[in-house]
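**Student:** turn this into a structure:
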Amino acid sequence: MSGTSSLVLILMVARLAFLTGCENTQAIKVGDTPPGISGRDMNGEDIGQIKLKAKLVIIYFWTNSCCADCLKKIEPLYLNNKDKGLVVLAVNEGDSKEIVESYARNNALTFTMLVDEKSKLFKQYHAFGFPTIFILDKNGIVREKIQGDIQIEKLEKLVEKQFKIQKEIEANYEKIHSR
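**Tutor:** Numbers count the residues shown, from 1 in each chain. Next up, the predicted model:
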């Protein structure tokens, strides 16, 4: 490698380090408490920590061009578990509100749909590709992170596992505190 090529390579690496150095690029992993989600859903209702508190939450980052068909499969899972405290936040990255509203309406989706046109949430969660799925426990801690598609049966098992763990925690708490 010539001296000029080496200098160019060093300058490129230094520039890249400088440009990314001011941002927190640490990926969110299992056991982390991710950034809070706030804003309004497709119906104009506030989505915030109060609404999500003490709920099992699936955050599903998607885009219409690749994983819309997978998203439809979550509706039965949501309907079967919403009374137990399951919340599904389908965060669409890049599509317009009109496209997302049309998709939700045409597919009779009843869980919460959010539009992330400017990719703010996608970047905050350091999502990489579509879909990216996070399962948060009732304390808001990431218990599962799935990169890419997942069979709905496996997602159902992960949700059931989290409900079971929460039930055991609550039973142990009652056992300890009922003395």
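
**Student:** all strands for the chain, in order.
**Tutor:** 39-40, 46-47, 56-62, 86-93, 112-116, 132-136, 142-147 (DSSP state E).

**Student:** now the helices for this protein?
**Tutor:** When assigned using DSSP state H, the helices of the chain occupy the ranges 3-21, 49-52, 68-72, 74-81, 97-106, 120-124, 152-177.

**Student:** re earlier: mean pLDDT, distance to V100 and mean neighbour count for the strands of the chain - can I get that in a markdown table?
**Tutor:** No exception for glycine: its C-beta is placed from N, CA and C like everyone else's. A markdown table is the format used below for the strands of the chain (pLDDT from 0 to 100; distance: least, CB to CB, whole Å; neighbours: other CB atoms under 10 Å):
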| stretch | mean pLDDT | distance to V100 | mean neighbour count |
| --- | --- | --- | --- |
| strand 39-40 | 76 | 13 | 13 |
| strand 46-47 | 81 | 14 | 14 |
| strand 56-62 | 95 | 10 | 24 |
| strand 86-93 | 94 | 5 | 23 |
| strand 112-116 | 90 | 5 | 22 |
| strand 132-136 | 95 | 17 | 22 |
| strand 142-147 | 95 | 21 | 17 |
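
**Student:** picking up where we left off before, and the helices of the chain: which comes nearest K29?
**Tutor:** Minimum separation from K29 across the helices of the chain (CB to CB) falls at helix 120-124, 14.4 Å.

**Student:** what's across from the residue nearest the centre of the chain in the sheet?
**Tutor:** Nearest residue to the geometric centre of the chain (CA atoms, centre = their mean): I59, 2.9 Å. Taking DSSP bridges, one finds L89, F134 as the beta-bridge partners of I59.

**Student:** I'd guessed it sits against L136; true?
**Tutor:** Yes. Using CB atoms under 8 Å, I59 is in contact with L136, at 6.9 Å.
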